[in-house]
Every structure is written in structure tokens, then in C-alpha cells.
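Colleague: Dropping the sequence and predicted coords here.
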Amino acid sequence: MTILLSGTVPGQQKSSEGRWPKICESTGAQDMRVAMLCYHTSPLAQIGKSRDAGGMNVYVRELACHLGLMGVSVDIFTRWTDPLLPQVISLSTRVRVIHIPAGPIEILHKNHLPQYLEQFADGINCFAVSHRRDYHVIHSHYWQSAAAGQLLSSRWGAPHIVMFHTLADIKLMHRPEEHETALRRRTEKELIHSANAIIAAAPDEYHHLKFHYHAPERSLHIIPCGVDMRKFYDSNREEDKAAILQHLQLNYIPTLLFAGRLDPLKGADLAIQAAAMLPRRVNLLLIGGHPDDPERSRLTQTAQKLGIASTTRFIDAQPHDLMARYYHAGDLFLVASYYESFGLAAIEALAAGTPVVAFRVGGLPSFIQHGINGALTEHRNAAAFAEQIENLLGNPARMQYAKNNARPSIAEYSWQNISRKMLALYRQLTENAGIATDTISPAAQACMC
């Protein structure tokens, strides 16, 4: 593999037990231990605040925490970007985030990060060696993590599971203006044929992996993203909507909600254009980014030009725990993305009882059912989007039907169900590799050399 230069993972710079105490040690011999790699962004990052913090951050954090509740020990390794953070942070039961130095300890653009991947893999191995920690499974997220994970898999003899979350070629198919490096495209194709297992979040991604990338079918597994059904409840809707609209100094009228990274790929401009085309006045709330984000400035100008600035509000990225209140404030949740491998925010909106209107792309049709819990449009333009929005807003019976179905329609996507499926895959891979979770694994043997 081009990006994995030497394949060596020397054990150097042992860490200090006094400074970096062991947290969440295994509670029993039967515990499975997972090394989860999230190199270019941290699961601790606030979603929506930057272009590198979105649904993947939520996915990694929630999956790890729910696996921890099931008895799995999960160490999430991420690149160290803030010198004020401790190297080890306990996230929840049996789950910790471990910061590994790779390059300067500061935030870097993700296109500058591949040069430090071997250093990242070295650092993970050093941590394992110094803490006498072994892992039965390596689970990597995004192509850069997967490149480091493949190095560690070769060293440790542990099965390697990859979830790409997005694939460069598929993004370019949907939006040719995207800037994707040749290195990324080449590395993804190589990793698809070297990983022990690849997770597709939806049938659409499975199809692309199988027919565009020619992935071995035996390595492909569809396991969707999940949603915390307790966090995203469907009660207190009217109270939450009234409080938020009052705070934003908006009238109590139909309200459309968009939430996500302010990235052109997410299509927030189409949401604004569609809102301006509606035959009724609506509020439009756009959550994501920060006041200095140039994309927000561009979108603000669009709303002004279209004459809906007075009913449009840009809201800074919100902590994940507060998002249920904002989902309640929206009568409809809009997904205008050019491409979504799954669409985590959309499924959270449904769990909160808010129907979703989206373009029929990526994994969205796997859980958005047209006419049941929202609407899907085939044509990527603002007029078609506005038509589907108005079909719901203009028909109270149809709207209420979609609201009633929103939460029940995605009950199978609870994190409890998703984490069980993931654990079953972990067990299958360790059994196929001849690794028993009640004995010393090859990873441990490597660490004890």
C-alpha cells in the first residue's frame, strides 16, 4: 500500500503510568477488547462546528459507549490536537479516548495528516506495549484511520474492520466539484481488498462497494448507524418549539430545520432556496458552524437576496445532548445533501418525532419512507424540494400521519440493536481468526515481545 511506507511499528517512548493512569481495565477474562481508530477527528469534538466534526463523531462515540455497556472494553485512539487535554480520558463504562501524538499537537487540515499515519500507528503500539494492553479487534473509521489500522493488524494479527463513512469516488459521482486527493482514492481501493471486514451503513453503500470497488462479498456487512431512542424522545414538542422560537424572536409559524456541517456537500443553499419558494411564510433554522464560518456568510447573503432573512436564523453548532429540543422546534427536518452514506441527523429527527424531507440519495431511502414518515424527491433542484415540503405543510392530515409514524418507523435502529450486531461481527471475526477472548491474543503476544 502506497501510504503505508515501511510497515514497521517500533515500540518506543514508553508512557508513564503515574501520568497516564489505567482507566476502565478489563473486569473479567471474557471481556472483548477493541482498538477503535478515529484518526483525523475526535469523538469528543462538538459536531457541526467544523467540517471534520459530524455524524461520524457521534457514531464512534455512541457505538463505543453502547458496546461498553455490553461488557466490551473499547479504547478510541485519536490524534492529539490539544496539549491541554490529558492523554487518556474516560468516556463511559469501559470506554476511554486515548490521544496519540502524530505530528504537531495542534489542529491540522485533514489533507496534511497522511504524512503522520505511521507515527500514529507507532504511538498506538507504544501505548499498548507500555500498558501491556492487547486488543482482539481493530475497528477503523474513515480511510486515514484504516491505513493506520492495517499496519497494526499486520503487526498484531488482530482482525481489521473498516467503516469508511464516505468514499471519495462516490462523493465525486454526486458532486464533481468536491476536492479529493489521488492518494485517498488509491488508498481506499487498496484497503477495501485488505481489510478483514467492511461495514456498509446502507444497501446503497454496499452496492457501491461491491460493484464499483469490486470488494470481496465475503468481507461486506450491512450494519446501519443507530440512534439513542431515550435521548431523542418525542414528548414536550410544543413547549420546546415555543421556547426556541421565542428565544429567536420568531413567530409561531411552520418551522423548517436544517442541521449539520456548513459544507457545500450538505446543500444548505438548496434548503434556503426551497423555503423562499413556498407559498406560505415559514421559519428556517440552520444549525451548524460558527459566526466566522465563510460558508455561513455566503448562505446569509443567499437568504437576504431571496427575501427571507427576517425568518431565517443561523444557530451555532449545538451540543449533541441539546439537539432533541431543536428537532422538536422543526415541523419538518430538511436533508439537502448531495450524498449521505447514511444520514445520522435525519434518523435522530425521526426519533424526536419530526418527519424528514430529503433528496433520494445514499442511505437515506433505507429509513425514510415516502408518504409514511416524510418525503423523498428524485430531482435535485429547489423547486422539487419545495413541492415535497408543501405537500406536507399544506395537508394537515398527511402531516400528522407522518409525525405519528416518525418515531415508530426507526425503532429497529436503536443503538442497543446496532451494538449487538456489531458485537456479533467482532465475535465472528475473532473466531475465524482463532482468537479466544479468554486467552492471550496475538496482539498481546506482540505487546509482550
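Modeller: Nice, thanks for sending it over.
Colleague: contacts and neighbour counts: CA atoms only from here.
Modeller: Will do.
Colleague: can you map out the helices along the stretch 51-200 of the chain?
Modeller: Using DSSP state H, counting those that start in this stretch, the helices of the stretch 51-200 of the chain run over 55-69, 117-130, 143-156, 168-174, 182-192.
Colleague: May I see the ones you listed arranged in JSON lines, with distance to Arg230 as well?
Modeller: Below are the helices of the stretch 51-200 of the chain laid out as JSON lines (distance: least, Cα to Cα, whole Å):
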{"stretch": "helix 55-69", "distance to Arg230": "13"}
{"stretch": "helix 117-130", "distance to Arg230": "34"}
{"stretch": "helix 143-156", "distance to Arg230": "30"}
{"stretch": "helix 168-174", "distance to Arg230": "33"}
{"stretch": "helix 182-192", "distance to Arg230": "35"}
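Colleague: Which of the ones you listed sits closest to Arg398?
Modeller: Closest approach to Arg398 among those (Cα to Cα): helix 55-69, 29.4 Å.
Colleague: which strands and helices sit next to the closest one?
Modeller: Here helix 55-69 touches strand 73-79, strand 88-92, strand 95-100, helix 415-432, going by 3 or more Cα pairs under 8 Å, 6 or more residues apart in numbering; DSSP states H and E.
Colleague: Check the ones you listed for me and report the most buried one.
Modeller: strand 73-79 (a mean of 26; mean count of other Cα atoms under 10 Å).
Colleague: Report the residue spans of the stretch 101-250 of the chain with pLDDT below the cut-off.
Modeller: Nowhere does the stretch 101-250 of the chain drop to pLDDT under 70.
Colleague: about what we covered before: can you say which of the helices and strands packed on helix 55-69 is nearest to Phe367?
Modeller: Nearest to Phe367, of these and by Cα to Cα, is helix 415-432 at 14.4 Å.
Colleague: so which of the helices of the stretch 51-200 of the chain comes closest to Asp204?
Modeller: Closest among the helices of the stretch 51-200 of the chain, using Cα to Cα: helix 168-174, at 10.5 Å.
Colleague: Which residues outside that closest one are in contact with it?
Modeller: For helix 168-174, the external contacting residues (Cα atoms under 8 Å, 6 or more residues apart in numbering) are 178, 180, 184-185, 208, 338-339.
Colleague: Ok, stretch 207-224 next?
Modeller: So stretch 207-224 is contacted by 170, 189, 192-193, 195-203, 206, 342, 413, 418, 421-422 (Cα under 8 Å, 6+ apart).
Colleague: hmm, which of the residues you listed are the buried ones?
Modeller: Neighbour-count burial (16 or more other Cα atoms under 10 Å) applied to those gives 170, 189, 192, 195-203, 206, 342, 413, 418, 422.
Colleague: can you tell me which of those are in strands?
Modeller: Among these, DSSP state E puts 197-200 in strands.
Colleague: would JSON lines of the residues you listed with distance to His40 be doable?
Modeller: Putting those into JSON lines (distance: Cα to Cα, whole Å) gives the following:
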{"residue": "Ala197", "distance to His40": "21"}
{"residue": "Ile198", "distance to His40": "19"}
{"residue": "Ile199", "distance to His40": "19"}
{"residue": "Ala200", "distance to His40": "20"}
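Colleague: which residues does Gly149 contact?
Modeller: Gly149 touches 37, 121, 138-140, 160, counting by Cα under 8 Å, 6+ apart.
Colleague: ok, of the residues you listed, which one's closest to Asp82?
Modeller: So of those, ranked by how close each gets to Asp82 (Cα to Cα), first place is Leu37, at 17.7 Å.
Colleague: contacts for stretch 268-276?
Modeller: Contacts of stretch 268-276 (Cα under 8 Å, 6+ apart): 258, 262, 282, 284, 286, 299, 302-303, 306-308, 334-337, 381-383, 385-386.
Colleague: ok, back up a step: go through the contacts of Gly149 and name the one nearest Val97.
Modeller: Leu37 (9.9 Å).
Colleague: wait, the closest one sits on Ile138?
Modeller: Yes. With contact defined as Cα atoms under 8 Å, Leu37 counts as touching Ile138 (7.5 Å).
Colleague: Neighbour count for those two, which is higher?
Modeller: Leu37 (30 against 26; other Cα atoms under 10 Å).
Colleague: Okay, that one and Arg230: tell me how far apart.
Modeller: According to Cα to Cα, to the nearest Å, Leu37 and Arg230 sit 27 Å apart.
Colleague: Next, the distance between the ends of stretch 304-317.
Modeller: End-to-end distance (Cα to Cα), stretch 304-317: 21 Å.
Colleague: So for that stretch, mean pLDDT?
Modeller: The pLDDT scores in stretch 304-317 average 96.
Colleague: Excluding covalently adjacent residues, which one is nearest to the most centrally placed residue in the chain?
Modeller: In the chain, the residue lying closest to the centroid (Cα atoms, centre = their mean) is Met56, at 1.6 Å. Nearest in space to Met56, with sequence neighbours left out and distances taken as Cα to Cα, 6 or more residues apart in numbering, is His165 at 6.9 Å.
Colleague: Around that neighbour, how many other residues sit close by?
Modeller: Neighbours of His165 using other Cα under 10 Å come to 18.
Colleague: my guess is it meets Ser341, correct?
Modeller: Yes. Under the criterion of Cα under 8 Å, His165 makes contact with Ser341 at 6.3 Å.
Colleague: Check the contact lists of the two and give me the overlap.
Modeller: Contacts common to His165 and Ser341, judged by Cα under 8 Å, 6+ apart, are Ala201.
Colleague: Pull out the buried residues from stretch 241-254.
Modeller: Those would be 241-242, 244-245, 250, for stretch 241-254 by 16+ other Cα under 10 Å.
Colleague: Fine by me, thanks again.
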